[in-house]
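>>> only geometry, no sequence info:
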Ligand code: AMP
Ligand code: FE
Ligand code: FE
Ligand code: ZN
């Protein structure tokens, strides 16, 4: 069983359509795939239809942009009811913040002498609800300003670079509560990753567990072997679920091929058990695992 629990489609900043993502997962030999676009569930329906046709097991999820102690934290929420109003409102605030910062990023880039317009970014965003820096990066690639997303982040869009603009993120504590109330389970994505500046320790994970955290994404390309060992030990000590995933973005992220990291079947089974329990507690109609 090959299980990949963190991937992106064009519903956010991946480059495959949701059905294309499912096809790519089948071709990569995966048995279970979670679609986890940033701050939106808009890719779920198309992915579920494709998964049913291809007999791939599909887990509906989302990667929520949160903040904790002033730092960016990505929280994977699996199988929550996306229509739960307080969760939908929180995601709406993030999506509004994503839209609102685009003109500022464009202004900054234009101030650097780059002839980029709102239309360039809109075209690159291809109708996503969750416009992100990667779409601005794609517009810069199309304009011939940079070679790829990596260069765009390194030169203009990354933290501390001239066109970096902050946006709203959900307080982590609220996001943990909302995912639980919506009948889903939470896993912290790439907690020691390059983008996440926090590096939570065992004590912090213990506190987050009390607030509803179910697991840690241990096996991720941003974590070297030593970091993985450390996080695995933390998860074992606390009884948290251990996941491993690609964080695939199609052509949008190098070295994140589907299945490059996977989740052990017994850990996946624990996650589903916890999701079932959360769903029962919430009394909400949570999405089924398809396939
Ligand atoms: P945003 O959510 O708009 O602030 O953009 C952050 C997203 O950009 C992350 O979730 C990654 O998917 C992506 N990202 C960050 N750094 C890079 C990079 N160097 N190359 C490609 N994508 C990146
Ligand atoms: Fe992304
Ligand atoms: Fe992330
Ligand atoms: Zn991701």
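Sure, I can see it. This is a predicted model, so every value here is computed, not measured. Ligands and ions are numbered 1, 2, ... in the order given.
>>> Can stretch 125-142 be said to contact ligand 3?
No: Stretch 125-142 lies apart from ligand 3 when judged by CB under 5 Å from the ion; the minimum separation is 10.6 Å. Where you see a C-beta, it was placed from the backbone N, CA and C, and this is true even at glycine.
>>> What average pLDDT does that stretch get?
Taken as a whole, stretch 125-142 has a mean pLDDT of 97.
>>> which residues touch it?
For stretch 125-142, the external contacting residues (CB atoms under 8 Å, 6 or more residues apart in numbering) are 10-13, 37-40, 42, 94-95, 98-99, 102, 105-106, 109, 114, 116, 120-121, 123-124, 146-149, 152-153, 156-157, 163, 249, 252.
>>> any bit of that stretch sitting next to ligand 4?
No: legend: contact between stretch 125-142 and ligand 4 by CB under 5 Å from the ion is lacking; minimum distance shown is 10.5 Å.
>>> Name the residues of that stretch that are buried.
125, 128-141 (16 or more other CB atoms under 10 Å).
>>> Check the offset of that stretch from the chain's centre.
16 Å (CA atoms, centre = their mean, to the nearest Å).
>>> what about it, start to end distance?
Distance between the boundary residues of stretch 125-142 (CA to CA, to the nearest Å) amounts to 12 Å.
>>> Same check on stretch 119-139?
Stretch 119-139: ends 9 Å apart by CA to CA.
>>> That one and ligand 1, are they touching?
Yes: shown here: stretch 119-139 in contact with ligand 1 (CB under 6 Å from any ligand atom) through 132, 133, 134.
>>> coming back round to it: mind checking which of the buried residues of stretch 125-142 land in helices?
125, 133, 134, 135, 136, 137, 138, 139, 140, 141 (DSSP state H).
>>> With respect to residue 70, which of the residues you listed is nearest?
Closest approach between those and residue 70, by CB to CB: residue 133, at 19.3 Å.
>>> how far away is that closest one from ligand 4?
According to CB to the ion, to the nearest Å, residue 133 and ligand 4 sit 13 Å apart.
>>> And for residue 83?
Residue 83 is 23 Å from ligand 4, by CB to the ion.
>>> Name whatever forms a beta bridge with residue 185.
Beta-bridge pairing of residue 185 under DSSP bridges involves residue 78.
>>> begin at 29 from here
Okay, using 29 as the starting number, the last item reads as residue 213.
>>> my guess is it contacts residue 296, does it?
No: Residue 213 is not in contact with residue 296 according to CB atoms under 8 Å; the separation is 11.5 Å.
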